[in-house]
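Engineer: I need the structure of the sequence given here:
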Amino acid sequence: MQPNKAPGPDGLPGLYYKSFLPILLPHLTTMCNSARSGTPFARDSLTASIVTILKPGKDPLGPENYRPISLLNFDIKVLAKVLALRLNEIIPTLIHADQVGFIPGRQAYDNTRRACDLVWLAQRLKVPAVFLSLDAEKAFDRVGWAYLFQVLTHLGFPQEFTSSIGVMYDTPVAQVVVPGTPPRPFRLTNGTRQGCPLSPLLFALSLEPLLSAVRADPLIAGVAYRGEEYKVSAYADDVLLSLTCPVPSVARLLEVLDRFSEVAGYKVNMTKSTALLVGASDGDAGIMEHRHGFCTTTESISYLGVRIPGSHSEIFTLNYAPLIQCIKSDLDRWAKLHISWLGRVHCIKMNVLPRLLYLFQALPISVTQSDLTSLQTAIDAFVWDNKRHRVARQTLFRPRAAGGMGLPSLLSYYRAARLAQIVAWHSPMGARRWVDLESSMMSPDLPQFWLWTSPPYRPTLRTECPAIVAAVKLWDSVAVKCDLTSYPSPLTPILRNEEFPPGLCPQPFGLLEDAGLQRLVDFYPKGALLHYPDLQGTHSLPPSTFFRFLQMRDFITKPHLRAAALTKPSWFERLCLQEHYPKGLISTIYSSITSTLEWKELTYINAWHKDLGEELEGDEWLDIWEAARRSSICTTHQEQSLKMIFRWYTTPEKLVKMKVTTTDVCWRLCGDKGTFLHMWWSCPRLKPLWSKLHSLAQTVLERDLPFVPKVFLLASPLEDLSLRQNKLLAKMSLAGRRAIAAEWRAMEPPRFGRVLANIRDVALMDELSARVHHTMDAFSRLWEPWVNHDV
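Structural biologist: Okay, here's the model as predicted:
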């Protein structure tokens with residue numbers, strides 16, 4: 001739990017508990033254990049403060065226009081967090097895959113992709129359908145407590161667990177914080193508590209009976225395909241129903257909702273709920289609108305932040321086109337603001353990328369490279385303030401730890417997001433409903449096997465589903481180019497592979513397939529060829545399977561297939577074999593494909609090697625890049641370190657090459673040629689400044705230091721200094737570089753007093769940051785040598 005969150009009414013933040021943990025831990029443990037037996041908490045512990053925030057663009061005089069934020073006491077949140085972590089371990093087994101909100105391992109795109117697939121399928125099957133987005137009124141706040149605890153009991157939660165939750169709902173109170181007025185507490189009688197780590201999980205459990213009732217009701221018809229019916233999907237309280245036979249299905253649905261509302265407190269706002277009609281008659285639309293009060297449309301509905309259109313071809317127009325235009329407008333507006341170069345990169349990473357990345361995941365369509373290139377060009381113009389690009393784009397794409405800036409490559413992020421869903425294709429049946437749906441569309445093939453078959457031997461793709469076609473197209477374009485796999489792959493399937501004709505009819509091999517013989521790699525566990533007696537001993541196979549085993553083994557022992565089976569799986573193949581969606585998957589894929597496609601040779605490294613007269617090892621550059629990243633919390637200070645590494649600064653020599661000037665003589669009138677190293681280090685008029693800084697650093701650190709540019713210009717760490725000493729030396733050399741950069745075109749070198757002022761400035765920034773993050777001890781240890789000297 002984050003220690004700097006706003007405290008509850010008792011005023012004790014998480015940092016208080018963290019600082020006095022040895023004293024408080026026994027008491028917290030006693031309190032949490034007492035909750036297991038139902039011992040009530042003190043009344044003040046269950047009090048919550050409610051602060052309000054005005055919604056953007058709303059009338060401040062309307063109470064309904066304020067968003068309430070509930071602040072709970074930290075001790076209660078500790079208990080709730082412990083219970084939530086335990087509940088997270090089992091809740092995926094209790095909640096159907098239709099519900100993806102706040103359930104570990106599930107994503108919002110699971111439902112948006114499924115919705116797009118179902119709309120296309122309804123059109124393809126020419127089945128009248130309605131896609132109904134329900135708007136629940138204050139869904140979290142209306143949950144009835146008696147109903148909630150009945151659900152927990154029905155699901156079989158232990159008494160101690162439900163008692164621990166019960167004490168947190170035993171006559172809790174809240175008080176609205178109004179400046180200048182005393183608090184007026186009032187009792188809460190329903191709803192899951194806002195700000196409580198358990199709240200979203202409890203809500204998911206409370207809603208599950210409704211979703212189960214809809215799934216089980218035969219009078220509510222969903223979109224059916226090959227024996228499976230798809231009726232409902234939810235992200236917490238955002239519910240989307242996909243129904244056929246619209247009029248009778250919706251009528252029955254409303255009856256179920258009314259019954260559920262009576263026991264659970266759940267209420268649907270009909271006027272804000274929207275129905276997308278696909279292939280339905282005008283009469284059906286009239287009944288929906290006039291009898292039931294739904295807002296109907298045949299164009300599109302909004303669900304989980306995207307527009308789901310009635311026609312798949314409109315997805316890009318309704319979602320990407322307005323977002324791209326909005327981003328370009330934002331970039332034009334931000335360009336007029338005074339934002340640093342590094343700050344502009346952060347704007348792209350923190351504001352632009354998340355908006356695009358959500359669509360990359362949520363919408364299963366192809367985005368053309370030209371659309372992304374156009375937006376990437378606009379981003380470049382913003383980052384460089386419509387001026388000359390001083391660093392290559394490929395260098396900026398590299399992460400900070402690899403000598404770049406971490407500027408997002410939109411094309412690579414798009415590919416990474418789409419490839420992450422190819423990893424999700426390998427989920428077990430039932431784990432992701434869209435995977436089940438797309439697998440049935442491809443039947444008798446399965447996407448997680450079909451994809452790994454060498455293209456010449458793939459069976460014909462048996463679906464025109466746009467999501468599947470787009471995924472296959474992307475895979476075929478990047479699989480080999482990005483080193484995701486090679487053909488034949490160790491993951492090549494044995495059955496439904498035209499290179500193995502007997503396996504085109506997989507039924508005779510069913511028992512062997514169930515025993516785990518599905519891919520080439522399965523025949524070589526631990527690198528040795530599998531023998532039939534070993535397989536029979538672990539799976540009790542009947543003798544009739546021996547012939548089929550010999551057929552399969554004869555196939556996979558062909559030289560090229562044996563070599564493929566014994567090839568170590570690529571990093572992407574290993575991800576797919578895990579059969580789950582690991583945390584940070586998109587970032588992992590992005591880092592790999594950008595390093596393969598986008599990373600180019602760092603030209604500035606060769607230039608530095610030439611100036612320094614030596615070649616730095618790879619580890620030395622890693623240390624230099626890390627030192628630049630940690631040089632200061634201040635963006636301006638970090639930016640100077642990066643500009644130095646990138647050789648950003650224009651010199652007399654460069655200006656002559658650019659034909660801006662006709663002389664390459666140093667601006668400080670020393671008479672020498674103004675090369676990069678000269679302007680920063682070897683100029684005779686700069687030597688006194690660097691000599692004084694060198695002497696000062698030796699005095700402060702009480703160590704002999706080499707007087708070389710790689711230490712003072714690149715902050716290359718020294719082996720005989722401690723980590724803290726290297727950090728302090730890097731900060732002192734940063735102060736010297738900032739002094740020179742501030743008077744870059746001046747004929748006179750900066751005074752040493754400017755360097756001292758810069759050192760104090762860096763120290764002040766570090767101190768302010770340490771006070772905010774409560775790390776003053778680390779700050780004091782780092783800066784103690786300087787403070788002792790600067791008294």
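Engineer: Now the residue nearest in space to the middle of the chain: phi and psi?
Structural biologist: Closest residue to the average C-alpha location of the chain: residue 584 at 6.1 Å, with Cα atoms, centre = their mean. Dihedral pair for residue 584: phi 70, psi 20, per degrees, to the nearest 10.
Engineer: now it: how far from residue 687?
Structural biologist: Taken as Cβ to Cβ, to the nearest Å, the spacing of residue 584 relative to residue 687 amounts to 48 Å. C-betas here are computed from N, CA, C, even on glycine.
Engineer: Ok, residue 754 next?
Structural biologist: In this structure, residue 754 lies at 16 Å from residue 687, with Cβ to Cβ as the measure.
Engineer: before we move on, what about residue 569?
Structural biologist: Shown here: residue 569 relative to residue 687, a distance of 57 Å by Cβ to Cβ.
Engineer: Could you check which of the two has the larger neighbour count?
Structural biologist: Neighbours per residue, other Cβ atoms under 10 Å: of residue 569 and residue 687, the larger number sits with residue 569, 15 against 12.
Engineer: contacting residues for residue 522?
Structural biologist: For residue 522, the contact set (Cβ atoms under 8 Å, 6 or more residues apart in numbering) comprises 516, 530.
Engineer: what's the answer for the one 10 residues further on, then?
Structural biologist: When contacts are counted by Cβ under 8 Å, 6+ apart, residue 532 is found next to 546, 549, 550.
Engineer: Mind putting those into TSV with pLDDT, secondary structure and neighbour count?
Structural biologist: Below are the contacts of residue 532 laid out as TSV (pLDDT from 0 to 100; DSSP: H, G, I helix; E, B strand; the rest coil; neighbours: other Cβ atoms under 10 Å):
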residue	pLDDT	secondary structure	neighbour count
546	93	helix	15
549	93	helix	21
550	94	helix	11
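Engineer: Could I get the full set of helices for the stretch 451-600 of the chain?
Structural biologist: 466-478, 510-514, 532-539, 545-556, 559-565, 571-577, 585-597 (DSSP state H, counting those that start in this stretch).
Engineer: cool, the stretch 101-250 of the chain as well?
Structural biologist: Along the stretch 101-250 of the chain, the segments classed as helices by DSSP H, counting those that start in this stretch run 109-125, 145-154, 159-168, 199-216, 246-264.
Engineer: Nearest to residue 420, out of these?
Structural biologist: Proximity to residue 420 (Cβ to Cβ) singles out helix 109-125 among the helices of the stretch 101-250 of the chain, at 9.1 Å.
Engineer: Now that closest one: average pLDDT?
Structural biologist: Predicted confidence along helix 109-125 averages 95 (mean pLDDT).
Engineer: swap in stretch 268-275?
Structural biologist: Rounded to a whole number, the mean pLDDT of stretch 268-275 is 88.
Engineer: which parts of that stretch are buried?
Structural biologist: Judged by neighbour count using 16 or more other Cβ atoms under 10 Å, the buried positions of stretch 268-275 are 268, 273, 274, 275.
Engineer: how far out from the middle of the chain is that stretch?
Structural biologist: Counting by Cα atoms, centre = their mean, to the nearest Å, stretch 268-275 is centred 31 Å from the centre of its parent chain.
Engineer: Distance across it, terminal residue to terminal residue?
Structural biologist: Across stretch 268-275, the terminal residues are separated by 13 Å (Cα to Cα, to the nearest Å).
Engineer: before we move on, what about stretch 511-527?
Structural biologist: Taking Cα to Cα, stretch 511-527 runs 23 Å from one end to the other.
Engineer: buried residues in that stretch?
Structural biologist: 511, 512, 513, 515, 517, 518, 519, 520, 521, 522, 523, 524.
Engineer: Contacts only, for the third one.
Structural biologist: For residue 513, the contact set (Cβ under 8 Å, 6+ apart) comprises 495, 506.
Engineer: how near is the residue nearest to the centre of the chain to residue 487?
Structural biologist: Following Cβ to Cβ, the distance that separates residue 584 from residue 487 is 28 Å.
Engineer: Equivalent analysis for residue 205, please.
Structural biologist: Taking Cβ to Cβ as the criterion, residue 205 is separated from residue 487 by 46 Å.
Engineer: which one of those two has more residues nearby?
Structural biologist: Comparing residue 205 with residue 487 by neighbour count (other Cβ under 10 Å), the higher total belongs to residue 205, at 23 against 15.
Engineer: Is it correct that that one is in contact with residue 90?
Structural biologist: No. If you go by Cβ atoms under 8 Å, residue 205 and residue 90 don't touch, sitting 11.0 Å apart.
Engineer: And what about the closest residue to residue 749 other than its chain neighbours, helix, strand or coil?
Structural biologist: Leaving aside its chain neighbours, residue 749 sits nearest to residue 685 (4.9 Å; criterion: Cβ to Cβ, 6 or more residues apart in numbering). In three-state terms, and counting by DSSP: H, G, I helix; E, B strand; the rest coil, residue 685 is coil.
Engineer: State the phi and psi torsions of the residue nearest to residue 752 when sequence neighbours are not counted.
Structural biologist: With Cβ to Cβ, 6+ apart as the criterion, residue 752 has its nearest non-adjacent residue at 5.0 Å, and that residue is residue 692. Geometry field for residue 692 lists phi and psi as phi -70, psi -40, criterion degrees, to the nearest 10.
Engineer: quick one: residue 692 from residue 9, how far?
Structural biologist: Distance of residue 692 to residue 9, computed by Cβ to Cβ: 56 Å.
Engineer: who's more crowded, the two?
Structural biologist: Looking at residue 692 and residue 9 with other Cβ under 10 Å, you find the greater number of neighbours at residue 9, namely 20 against 14.
Engineer: Please name the nearest non-neighbouring residue to the residue of the chain most remote from its centre.
Structural biologist: Summary for the chain: using Cα atoms, centre = their mean, the residue whose C-alpha lies farthest from the chain's mean C-alpha position is residue 671, with a distance of 54.6 Å. Excluding the flanking residues, the one nearest residue 671 by Cβ to Cβ, 6+ apart is residue 665, at 6.6 Å.
Engineer: The one you found: neighbouring residues, count only.
Structural biologist: Using other Cβ under 10 Å, residue 665 has 15 neighbouring residues.
Engineer: Double-check it against residue 678; I have them as touching.
Structural biologist: No. Residue 665 sits out of contact with residue 678 when judged by Cβ under 8 Å, with a separation of 10.2 Å.
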